[in-house]
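A.B. asks: Pasting a predicted model and its sequence here:
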Amino acid sequence: MTVADSSLVQNLYLSHHRWLHELLRRRLSNAMDAADLAHDTFIRVLKRPQIFIDEVHERSHLATIARGLCVDHWRRRQLEQTWLDTLASRPPALQPSPEQQAIIVETLHEVDAMLQRLPQRVSEAFILAQLHGMPYRLIAEQIGVSERMIKKYLAQAMMHCAILEAELDGLLIE
């Protein structure tokens, strides 16, 4: 990043941080989460600084980034709540340690993000097979493709799982 880019981002931050924080606070109903997402928005802007025509374009760009971060935030919260609900149904003796829980939650987020990057039919086939235990024939009927395509979809999803596993192993070892 050049000095000029840094100056542009600094001006953008000074001009719009309060507005963005308030927008996010209203959307999230939580000032702390709003502060975190406002910060994350400007981090994204720092990574890809742009020149804008006017204030309307600046705010539009910031709002678009913030909207995406809100969706990610809500998905993450929903995933964590589902995990907590599942955990609450287990006997205390079978509860994982806090460290294991943190690793599991982070892994769930990574798997969810991986599934979001896959084509819709591939992730749908993977979920139906892995979480619902449906046979290929029923998945094919539900999605509206051949069993052969389901096999290809699941092979593609499993390849992405293997890549994710290798990435997570690398992260956990370091």
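C.D. replies: Right, received. Where do you want to start? Numbers count the residues shown, from 1 in each chain.
A.B. asks: buried ones in the host helix or strand of residue 155?
C.D. replies: Using DSSP states H and E, residue 155 falls within helix 147-173. Neighbour counts over helix 147-173 (16 or more other CB atoms under 10 Å) mark 149-150, 153-154, 156-157, 160, 164 as buried. Any C-beta I mention is one placed from the backbone N, CA and C, and that applies to glycine too.
A.B. asks: for the helix or strand hosting residue 125, the distance to its chain's centre please.
C.D. replies: In this structure, residue 125 sits in helix 120-130 according to DSSP H and E. Averaged C-alpha coordinates place helix 120-130 at 18 Å from its chain's average position (CA atoms, centre = their mean, to the nearest Å).
A.B. asks: Return the list of helices and strands in contact with the longest helix along the chain.
C.D. replies: Ranked by residue count and defined by DSSP state H, the top helix of the chain is helix 55-88. Packing partners of helix 55-88 (3 or more CB pairs under 8 Å, 6 or more residues apart in numbering; DSSP states H and E): helix 3-28, helix 31-47, helix 98-117.
A.B. asks: In CSV, list these along with mean pLDDT.
C.D. replies: Shown next, in CSV, are the helices and strands packed on helix 55-88 (pLDDT from 0 to 100):
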stretch, mean pLDDT
helix 3-28, 86
helix 31-47, 92
helix 98-117, 86
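A.B. asks: Could you save those as TSV and add columns showing distance to residue 130?
C.D. replies: Formatted as TSV, the helices and strands packed on helix 55-88 follow (distance: least, CB to CB, whole Å):
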stretch	distance to residue 130
helix 3-28	31
helix 31-47	30
helix 98-117	10
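A.B. asks: Format those as CSV; extra columns: mean neighbour count and distance to residue 129.
C.D. replies: Converted to CSV, the helices and strands packed on helix 55-88 look like this (neighbours: other CB atoms under 10 Å; distance: least, CB to CB, whole Å):
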stretch, mean neighbour count, distance to residue 129
helix 3-28, 16, 35
helix 31-47, 17, 34
helix 98-117, 13, 12
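A.B. asks: Just name the closest of the buried residues of helix 147-173 to residue 19, please.
C.D. replies: Nearest to residue 19 among the buried residues of helix 147-173: residue 164, at 37.2 Å, using CB to CB.
A.B. asks: ok, so what distance separates the closest one from residue 118?
C.D. replies: Note on residue 164: its distance to residue 118, by CB to CB, to the nearest Å, is 11 Å.
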